[in-house]
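> below is the structure, and that's it, no one-letter string:
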DNA sequence: CAATAAATGCAACAATGTTGCAATAATATT
DNA sequence: AATATTATTGCAACATTGTTGCATTTATTG
């Protein structure tokens, strides 16, 4: 976390550090609107560009669920190297938060005739806190 | 198909019939831009409202994949009744089309602590024509 | 600490989506 | 079949979201 920017070889600016700090404060994926609320003052354009470069560098990933604005979450280390996003995007109907959850066994799907290279699974239901 | 609008209890207007005709012409999901190209002349606002009501009535469903504009596809009959979208959204890297594909066995996923109510699976790879 | 390279912020614009309201068209009623 | 009722359409105007060029400022390199 500390030197993620350095590791990814992009300049360490105060703004980027602040945005990164917001991401690491949450354990769920967050939309732009939350980042904007957390930032005391900010420039819209710089934020767009920051999000864009974070995605390009594999620092965060975008999660788009039907009917929701895009959400963003920090990538796990494996993200950049091997299989990207071998986790499930879970949207809780209780708290409306979106989580990245590791599945003990990620399913394999066979579609006759189709050659599947990558799977992305999105689930809705109740998260740990909300189902307790 | 013929009287889908009547079945769903919304007015049968020429515009809606035309849009519905476009959907049934394609066997893959299509974005707004394609619908716009197919319509000789149209009103932007009416199109938005048409898409909206089609979704509400379960005539079409929206497919949002990361990095893509929204795509829309006709719902199967089961859609409106039992489980919604028990199929896979497949994006072909060859032709860039998005297909709704029925899987012979739809996977079950278990996330300890989480209560999963619905699954949405998105795959990327090569479709039948492009892998042949 | 200077030279270089990159990021920021402004202005201006482009694309996308929404709302109220009057005109028009579709459906229901007699 | 003609009218009453209800729903849809299209316009104007606006709101939101995202993009680009360019000068200024800031971070990194040596």
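Perfect, I can see it now. This one's a predicted model, so the numbers in the text were calculated from it and none came from an experiment. Numbers count the residues shown, from 1 in each chain, chains lettered A, B, ... in the order given.

> got the phi and psi for residue A:45?
Here is the backbone geometry of residue A:45 (degrees, to the nearest 10): phi -70, psi -40.

> what separation do you get for it and DNA strand C?
Distance, residue A:45 to DNA strand C, by Cβ to the nearest atom of the strand, to the nearest Å: 5 Å. In short, each C-beta sits where N, CA and C put it, glycine included.

> quick one, grab the pLDDT at residue A:121.
On pLDDT, residue A:121 comes in at 93.

> quick check, the strand or helix carrying residue A:6 touching DNA strand C?
Assigned by DSSP states H and E, residue A:6 belongs to helix A:4-7. No: using Cβ under 7 Å from any atom of the strand, helix A:4-7 stays clear of DNA strand C, with a minimum separation of 8.8 Å.

> buried set for that helix?
Of the residues in helix A:4-7, A:4, A:5 count as buried by neighbour count, 16 or more other Cβ atoms under 10 Å in any protein chain shown.

> just how off-centre is that helix within its chain?
Relative to the centre of its chain, helix A:4-7 is centred 17 Å away, using Cα atoms, centre = their mean, to the nearest Å.

> over to stretch A:86-103?
The chain centroid and the centroid of stretch A:86-103 are separated by 10 Å, computed with Cα atoms, centre = their mean.

> what's around residue A:12, how many residues?
Residue A:12 has 11 neighbours, counted by other Cβ atoms under 10 Å in any protein chain shown.

> any idea how far residue A:50 is from the residue nearest to it when sequence neighbours are not counted?
In this structure, residue A:12 finds its nearest non-sequential neighbour in residue A:5, 4.6 Å apart by Cβ to Cβ, 6 or more residues apart in numbering or on different chains. Distance check for residue A:5 against residue A:50: by Cβ to Cβ, to the nearest Å, it reads 11 Å.

> overlap in contacts, these two.
Listed contacts common to residue A:5 and residue A:50 are residue A:16; contacts here mean Cβ atoms under 8 Å, 6 or more residues apart in numbering or on different chains.

> quick one, strands of chain A?
Remark: strands assigned in chain A by DSSP state E are A:30-31, A:60-63, A:71-74, A:88-92, A:98-101, A:115-126.

> just checking: what are the partner strands of the fourth one?
Going back to what we said before, that points to strand A:88-92. With DSSP bridges as the test, strand A:88-92 is paired with strand A:98-101 (antiparallel), strand A:115-126 (parallel).

> among the ones you listed, show me which one is buried the most.
strand A:98-101 (a mean of 20; mean count of other Cβ atoms under 10 Å in any protein chain shown).

> is the residue nearest in space to the middle of chain A in a bridge, and if so with what?
Among the residues of chain A, the one closest to the centroid is residue A:73, at 2.1 Å (Cα atoms, centre = their mean). Counting by DSSP bridges, residue A:73 forms beta bridges with residue A:61.

> same check, this time on residue A:118
Beta bridges link residue A:118 to residue B:124 when assigned by DSSP bridges.

> ok, and the closest non-adjacent residue to residue A:95?
Residue A:95 sits nearest to residue A:130 (Cβ to Cβ, 6+ apart), 5.5 Å away.

> cool, and residue A:3?
With Cβ to Cβ, 6+ apart as the criterion, residue A:3 has its nearest non-adjacent residue at 7.9 Å, and that residue is residue A:12.

> and residue A:7, what pLDDT?
With respect to pLDDT, residue A:7 has a value of 96.

> and for residue A:107?
We have a pLDDT of 89 for residue A:107.

> quick check: it touching residue B:110?
No: between residue A:107 and residue B:110 there is no contact, the gap being 10.3 Å when judged by Cβ atoms under 8 Å.

> residues near the closest residue in space to residue A:57 that isn't next to it in sequence, how many?
Of all residues not flanking residue A:57 in the chain, residue A:8 sits nearest, at 4.3 Å (Cβ to Cβ, 6+ apart). Using other Cβ under 10 Å, residue A:8 is surrounded by 14 other residues.

> please apply the same query to residue A:114.
Neighbour count of residue A:114, defined by other Cβ under 10 Å: 21.
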